[in-house]
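> this is a predicted model, with the sequence first.
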Amino acid sequence: DAAINRIAAGEVLERPASAVKELAENAVDAGATRIEVVIADGGKTLIRVTDDGCGIAAHDLPLALSRHATSKIDGSDLLNIHSFGFRGEALPSLGAVGRLTITSRVPPETAARIAVAGGVTDAVAPAALNNGTVVELRDMFYATPARLKFLRTDRAEAQAVGDVIKRLAMAEPFITFILRDASNGDQRTTFRADAETGDLFDALHGRLRSVLGREFAENAIAIDAEREGFHLTGYAALPTYSRGAAIAQFLFVNGRPVRDKMLLGALRAAYMDVLSRDRHPVAALFVDCDPKLVDVNVHPAKSEVRFRDPGAVRGLIVSGLRHALADAGH
Ligand code: ADP
Ligand code: MG
């Protein structure tokens, strides 16, 4: 029912960046090797995510738009979630807050499309597409002007979209990510990271260069530490490559981008003795553990996590980074 969809949608979709996050994560889940995102006016008038993933069969298109329909979980193991999505909420929510079109093809079938606006779904129709999926969301929140008022400037919203894509790109170095801005007619590429090759550390290093720049990549120390079932990997910059703002701290838990106070606090604490208070460390850190040791789904839209043993994770980050910094002479 459209009203319920709209209320639930507000939980997950606060702004264009949250829509982009859901759509790009779906593309990752679909096994895409290339994900292209086009936005206009900060994503307010247009978000288009194109992937080369497995596609959605024509007869499954209406299902993808129905609430709690997900192809990603069988209900038996809510704790063992490996893909990003598992709630089956994003697409119906997007269809409730904007004009949504999904075009997809699962070869050798022909391509099909479905459209939904304000919660009202059209019939599946034939379409033209070679492979993968194109999801287009136009006029987000057009039916709820009150929500539109809460959005920030186009520039701020576009920046939030860029941030989402960069975080996901960091988590998925073997996937090509392209972000384009199509405001005022012309289209320009605002971010591009081509798929990396090699082992995970090589790939991650290459991806760091694309996202944080060459200077960071060349002055980052590799981190690899383990403790009580938690594995910490990634790169952390030498204190001399700190920033004046906390904008370059990328944290991942079991491959999923998170923003978690405890983890950020541990990162800060690790640098406490080598950085002045007004400087912020730059790092991309991956914590991996048995999914049973962490709940990554505290809230659908907020990327918080809850560890069974937060003390162990904090200790691992602080000691892992301090040892690496000491080895590098700091
Ligand atoms: P969830 O990701 O939580 O399963 P969504 O509402 O985001 O829920 O998507 C619903 C379903 O639609 C997914 O489970 C998946 O089967 C399908 N789907 C969505 N996006 C894509 C995509 N880009 N490629 C292939 N399948 C997709
Ligand atoms: Mg999803």
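Thanks, I have the structure now. In this text, all values refer to a predicted model and were calculated from it rather than measured experimentally. Ligands and ions are numbered 1, 2, ... in the order given.
> I47 belongs to a strand, doesn't it?
Yes - the assignment for I47 is a strand, going by DSSP: H, G, I helix; E, B strand; the rest coil.
> count of neighbours near L238?
18 (other Cβ atoms under 10 Å). Glycine gets a C-beta too; all of them are placed from N, C-alpha and C.
> quick one, what contacts the residue nearest to it when sequence neighbours are not counted?
Excluding the flanking residues, the one nearest L238 by Cβ to Cβ, 6 or more residues apart in numbering is N219, at 5.0 Å. N219 makes contact with 237-238, 240-241, according to Cβ atoms under 8 Å, 6 or more residues apart in numbering.
> measure N219 to Y241 for me?
Note on N219: its distance to Y241, by Cβ to Cβ, to the nearest Å, is 5 Å.
> then L179?
25 Å.
> between these two, which is the more surrounded one?
L179 (24 against 18).
> center of this protein, which residue is that?
L168 (4.1 Å; Cα atoms, centre = their mean).
> mind checking what secondary structure it has?
L168 ends up helix, using three-state DSSP.
> tell me how far it lies from A225.
25 Å.
> so who does T50 touch?
Applying Cβ under 8 Å, 6+ apart, the residues near T50 are 35-38, 132-134.
> which residues does it bridge with?
For T50, the beta-bridge assignment (DSSP bridges) gives partners E36, V134.
> tell me the confidence at it?
For T50, the pLDDT comes out at 98.
> how about the strands in the stretch 1-150 of the chain?
Remark: strands assigned in the stretch 1-150 of the chain by DSSP state E, counting those that start in this stretch are 34-40, 46-51, 99-105, 112-117, 120-121, 125-126, 132-138.
> same question for the stretch 151-300 of the chain.
Counting by DSSP E, counting those that start in this stretch, the strands of the stretch 151-300 of the chain are 176-181, 188-193, 220-227, 230-237, 249-253, 256-258, 283-288, 294-295.
> do you know which of those strands lies nearest ligand 1?
strand 256-258 (12.9 Å; Cβ to the nearest ligand atom).
> and that closest one, average pLDDT?
87.
> give me the sheet partners of that strand and which way each runs.
Short version: by DSSP bridges, strand 256-258 pairs with strand 249-253 (antiparallel).
> in the stretch 101-250 of the chain, what residue comes closest to ligand 2?
With Cβ to the ion as the measure, V135 is the residue of the stretch 101-250 of the chain nearest to ligand 2, at 10.4 Å.
> let me know whether that residue touches G98 as I believe.
No - counting by Cβ atoms under 8 Å, V135 stays clear of G98, with 11.1 Å between them.
> rewinding a little: quick check: the gap between the residue of the stretch 101-250 of the chain closest to ligand 2 and R105.
13 Å.
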